[in-house]
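>>> Sequence and predicted structure below; questions after.
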Amino acid sequence: MDLARYVVEAVIREGRSYREVARSHGVSKSWVGKVLARYREGGEEAIRPRSKAPHRKPHRTPAELEDRIVKVRKRLTKQGFDAGAATIHYHLAQEGIAPPSVSTIWRILRRRGFVTPQPHKRPRSSWIRFEAKLPNECWQSDVTTWKLSGGREVEIVNFLDDHSRLVTASRVVPVATATGVLAIFRAALERWGPPAGVLTDNGCVYTAWHRGGATAMEIELLHLGIEFRHSRPYHPQTCGKVERFHQTLKRYLAAQRPARTVKELQRQIDRFISYYNEVRPHRAIGRKPPLAAFDARDKARSSRPVIERLQNVRVRQDRIDKGGTVTLRHAGRLHHIGVGRDHGGKRVSMLVAGLDVRIITRDGELLRSLTLDPERTYHGTGRPPGPPKGRPLRKTG
């Protein structure tokens, strides 16, 4: 039983005074009088709890505008695009409609059941973030996978400008290869200009440092004077911007009819990239489309020297085996090169320029220099034969 009903019973049925009832329950005497007056005027219905909400809301968003907000939300969601309050606000303004504030749109979506409030998260001000200060200062790149309608898996190579979030390339390939990624990069470079740096993970299509060699991408960037950086292994957060773009792209593709071929999937991606770069307001760059942010500032330029590209030049890292030899593949044929058993176990660098091979230690000591014979499999040390290992020379005379 609520307190108002109790007060009525105590005063009318028991005959207790207003003052006594008020003192017993910690309320004012005037409040007890108001409850009794409402009861005598309207009966039981008059003392039931009443809503404190205002009867009229003169500043409430018109129902027609609320319906328009919901319609835009449904349309963007169906197309696989971002449909947050800020994006809806942008699209309403583009249509010539004076939109309410972003927070009002969010409350309308919540009231209509489109948004579920999330628990409070870590404040954005506490994040440690890296962001390039100029367009073309740094491009991030990564490869992700997608399945065609028949279940065949293909790969998507993405390049994204770190400052503006502009997608400079997004191409579908059956399988990503080092030469294929380089071709995609060159096309993007022709369209958007050369970046000062490129940031990727340690995928084999980008780097071969762990194999003691260099990929086509590494050689090209060295020639162009472009800085090449890699994230540390198993830490995708370093390339977080392009990783996040993968999610946005896949959410769009999941809302489309499954593509049957690589060409059909590429057409879907091209439509999305056009919208993403030119129309969609990006939260991280002040609610501007990436293309607007890219064009708003001067482009960064590399300060590194351009290195002349040499043909048939490579560097191979190896270790001399116990037998004193190292191996080198040339024109598809594996060659064994003798260095000497006394150097067994040493780590060396092999500088290869065409058929000229120089084998040096990590300290720069030259161990062997020779011209490779393509027809020979084994190249001896070139030294005169000595006594078998472990057997002393026989003294004569």
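Perfect, I can see it now.

>>> so what secondary structure elements neighbour the helix or strand containing residue 292?
Using DSSP states H and E, residue 292 sits within helix 290-295. With contacts taken as 3 or more Cβ pairs under 8 Å, 6 or more residues apart in numbering; DSSP states H and E, helix 290-295 sits against helix 262-278. From N, CA and C alone the C-beta is placed, and that goes for glycine too.

>>> any residues touching the helix it packs on, and which ones?
80-81, 146, 148, 154, 156, 166-167, 170-174, 248-249, 252-253, 256, 259, 289-291 (Cβ atoms under 8 Å, 6 or more residues apart in numbering).

>>> Then stretch 361-369?
Here stretch 361-369 has contacts from 337-340, 343, 346-349, 356-360, 381-382, using Cβ under 8 Å, 6+ apart.

>>> now, which of these sits nearest residue 61?
Nearest to residue 61, judged by Cβ to Cβ, of the contacts of stretch 361-369 is residue 349 at 70.3 Å.

>>> for that closest one, helix, strand, or coil?
strand (DSSP: H, G, I helix; E, B strand; the rest coil).

>>> wait, doesn't it sit right on residue 316?
Yes. Using Cβ atoms under 8 Å, residue 349 is in contact with residue 316, at 7.3 Å.

>>> Distance-wise, check residue 88 relative to residue 99.
8 Å (Cβ to Cβ, to the nearest Å).

>>> Those two: which has the busier surroundings?
residue 88 (25 against 21; other Cβ atoms under 10 Å).

>>> Point me to the helix or strand that includes the more buried one.
Going by DSSP H and E, residue 88 is in helix 85-94.

>>> export that helix as PDB, just CAs?
Extracted in PDB, the C-alpha atoms of helix 85-94 (Å, rounded to 0.1, in the frame of the first residue of the first chain):
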ATOM      1  CA  ALA A  85      24.000   9.300 -35.300                       C
ATOM      2  CA  ALA A  86      26.800  11.400 -36.800                       C
ATOM      3  CA  THR A  87      26.500   9.800 -40.200                       C
ATOM      4  CA  ILE A  88      22.700  10.300 -40.200                       C
ATOM      5  CA  HIS A  89      23.200  13.900 -39.200                       C
ATOM      6  CA  TYR A  90      25.600  14.300 -42.200                       C
ATOM      7  CA  HIS A  91      23.200  12.700 -44.700                       C
ATOM      8  CA  LEU A  92      20.200  14.800 -43.500                       C
ATOM      9  CA  ALA A  93      22.200  18.000 -44.000                       C
ATOM     10  CA  GLN A  94      23.200  16.800 -47.500                       C
END
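
>>> next SSE after it?
Next along the chain after helix 85-94, with elements defined by DSSP H and E, is helix 102-111.

>>> just how off-centre is that next one within its chain?
Counting by Cα atoms, centre = their mean, to the nearest Å, helix 102-111 is centred 28 Å from the centre of its parent chain.
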